[in-house]
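Asks: Could you look at this predicted model? Sequence included:
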Amino acid sequence: MNLTTWLAVVSICALGAMSPGPSLAVVLRHTLAGGRRHGLAAALAHALGIGFYALACISGLAYLIIASPSLFQWLQWGGAAYLLWLGWKGLRASAVKPLALDEDGGSGNAARDGFLVVFLNPKIAVFFIALFSQVISPDSSLPARLLYATTAMVIDAAWYGIVAWGFSNPRWLPWLQARSVWLERLFGLVLIALALRLLWQTLTL
């Protein structure tokens, strides 16, 4: 492993983390709903999910996911169903009691959503197989492999941690939370749209 290769991995992982999608919507949702603690819980759990797939790729488990069409499809369907459920919850946000994450599990729910939005997305395995197949060879040492996986996890935690920290800034969090019902419903629509897109892609394969 050399510095140039590692920096290339850093760049690709950073671009992947910053791509808008269901992960960003989930972290933002919990940040605006429950503040910094909930947002960071979702961000850190999301990073653990990324670390799981990175390690699975290194250990060969990700190849099993790709090699088994039925397992891959079940994970895709499960992911779409979970996004639909999260979206439906967002659309049903109440104007009287806008958000009640503290009563509904608090940061535990945020961590659950952050992890499952990754775990139920087998395309992340495809991403890491495509990435690591370019930089890992059969003679790559175990420390080098673990460094690549850890790099992916740390970058993901850093990006979504920044998102949670930034959007929970006391200067504008009260303003955002005052409009949280409509933001919650907007996130719900986004998640449902992403779920339907995933289902459409699954059915047309």
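Replies: Thanks, I have it. Because the structure is predicted, anything quoted here is derived from the model rather than measured.

Asks: List the neighbours of stretch 190-199 that are in contact with it.
Replies: 21-22, 25-26, 76-77, 79-81, 83-84, 86-88, 90-91 (C-beta atoms under 8 Å, 6 or more residues apart in numbering). All C-beta atoms are positioned from the backbone trio N, CA, C, and that covers glycine.

Asks: if you set the cut-off to 6 Å instead, what comes out?
Replies: Residues outside stretch 190-199 that contact it (C-beta atoms under 6 Å, 6 or more residues apart in numbering): Pro22, Ala25, Ala80, Leu83, Leu84, Leu86, Gly87.

Asks: how near is the closest residue to Arg92 other than its chain neighbours to Ala54?
Replies: Distances taken as C-beta to C-beta, 6 or more residues apart in numbering put Gly188 closest to Arg92, at 7.9 Å, once the chain neighbours are dropped. Gly188 sits 30 Å away from Ala54, going by C-beta to C-beta, to the nearest Å.

Asks: same thing with Gly35?
Replies: 29 Å.

Asks: Which of the two has more residues huddled nearby?
Replies: When Gly35 and Ala54 are compared for neighbours, Ala54 comes out ahead with 27 against 19, by other C-beta atoms under 10 Å.

Asks: How many neighbouring residues does Arg37 have?
Replies: 17.

Asks: what's near enough to touch it?
Replies: Arg37 neighbours (C-beta under 6 Å, 6+ apart): Ser107.

Asks: Sweet, I'm off.
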